[in-house]
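Trainee: Build me a model from this:
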Amino acid sequence: MSAVPVIAIDGPSASGKGTVAQLVAGELGFHYLNSGALYRLVALGVVRNGVDTSDEAGAAAFAAQLPTPRFEGEEILLEGKPVADAIRTEQVSTAASFVAALPKVREALLGRQRAFRRPPGLVAEGRDMASVVFPDAELKVFLTASIEVRAQRRLKQLKEKGIAATLAALLQELRERDARDAARRVAPLRHSPGARPLDTTSMSAEQAAAQIVGWYRGTNG
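Mentor: Numbers count the residues shown, from 1 in each chain. Model (predicted):
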């Protein structure tokens, strides 16, 4: 499968990498992997079943039994049922950042993530796509934006879904999430060697996607 090209896009929460990755995949006709959704789905199971987020064995059991989701635009289907809204609540988002730091959970999901690598290609986004899951990716991108812009983007997303939130609370949540992701012992969030930096603070998702497609095709940068 190493002959199947991969574009690995990493970055912090609310950096826009999901939207950008979907646009890139659509332009190139590639498959798409939202790796964060896998951890959120595990976290959803943990939350719904009252399992503590520090219970590594319990969380890993959910990860091992997790059915393979389907990504259809903004929707995520698990066994045919839409779950995108359920896994994007603040409760599940917070639980996911703790669950994702558990080594046995990451081990359980590693093979499942790599299984998304199918012809003609894959655009994979997350926090360790370039450094751990697809270290041989043809193109690696570290996508980010200022924390203020990221909080504003998250607030807009939540409001569109009718979820109450405040900018101050989201700023604090993002700071804490960034710190946890960067400090975790296994697969911490970091700018992987060889990854191209892309700051989207002043860019639209379409502009960022065009830049990445250009890099992949060798037409710019």
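
Trainee: could I have the longest helix along the chain exported to CSV, CA atoms only?
Mentor: Counting residues, the longest helix found in the chain (DSSP state H) is helix 167-183. C-alpha atoms of helix 167-183 as CSV (Å, rounded to 0.1, in the frame of the first residue of the first chain):
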residue,chain,number,x,y,z
LEU,A,167,-15.7,33.1,23.0
ALA,A,168,-13.9,33.3,26.3
ALA,A,169,-14.8,29.7,27.2
LEU,A,170,-13.7,28.4,23.8
LEU,A,171,-10.3,30.3,24.1
GLN,A,172,-9.7,28.6,27.4
GLU,A,173,-10.8,25.2,26.1
LEU,A,174,-8.5,25.5,23.1
ARG,A,175,-5.5,26.6,25.2
GLU,A,176,-6.0,23.6,27.5
ARG,A,177,-6.5,21.2,24.5
ASP,A,178,-3.4,22.5,22.8
ALA,A,179,-1.4,21.9,26.0
ARG,A,180,-2.7,18.4,26.5
ASP,A,181,-2.1,17.4,22.9
ALA,A,182,1.4,18.8,22.9
ALA,A,183,2.3,17.2,26.2
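
Trainee: Report the buried residues of that helix.
Mentor: Of the residues in helix 167-183, Leu170, Leu171, Glu173, Leu174, Arg177, Asp178, Arg180, Asp181 count as buried by neighbour count, 16 or more other C-beta atoms under 10 Å. Every residue, glycine included, has its C-beta placed from N, CA and C.

Trainee: Dump those residues to TSV, plus pLDDT.
Mentor: TSV is the format used below for these (pLDDT from 0 to 100):
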residue	pLDDT
Leu170	94
Leu171	95
Glu173	90
Leu174	93
Arg177	86
Asp178	90
Arg180	84
Asp181	83
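
Trainee: roughly how far apart are the nearest residue to Pro12 once chain neighbours are set aside and Leu171?
Mentor: In this structure, Pro12 finds its nearest non-sequential neighbour in Asp178, 5.4 Å apart by C-beta to C-beta, 6 or more residues apart in numbering. For Asp178, the distance to Leu171 (C-beta to C-beta, to the nearest Å) stands at 11 Å.

Trainee: so what sits against both of the two?
Mentor: Shared contacts of Asp178 and Leu171, defined by C-beta atoms under 8 Å, 6 or more residues apart in numbering, are found at Ile147.

Trainee: still on that earlier bit, does the residue nearest to Pro12 touch Ser15 like I think?
Mentor: No. With contact defined as C-beta atoms under 8 Å, Asp178 does not reach Ser15; the gap is 10.2 Å.

Trainee: pretty sure Arg185 is touching Leu102, no?
Mentor: No. Look at Arg185 against Leu102 with C-beta under 8 Å: they stay out of range, at 9.7 Å.

Trainee: Please compute how far the helix or strand harbouring Phe98 lies from its chain's middle.
Mentor: Element membership for Phe98, per DSSP states H and E: helix 90-99. Chain-centre distance of helix 90-99: 13 Å, with C-alpha atoms, centre = their mean, to the nearest Å.

Trainee: again, but for stretch 171-189
Mentor: What separates the centre of stretch 171-189 from the centre of its chain is 13 Å, taken as C-alpha atoms, centre = their mean.

Trainee: ok, now stretch 56-75?
Mentor: 13 Å.

Trainee: Need the pLDDT of Pro82.
Mentor: pLDDT recorded at Pro82 is 93.
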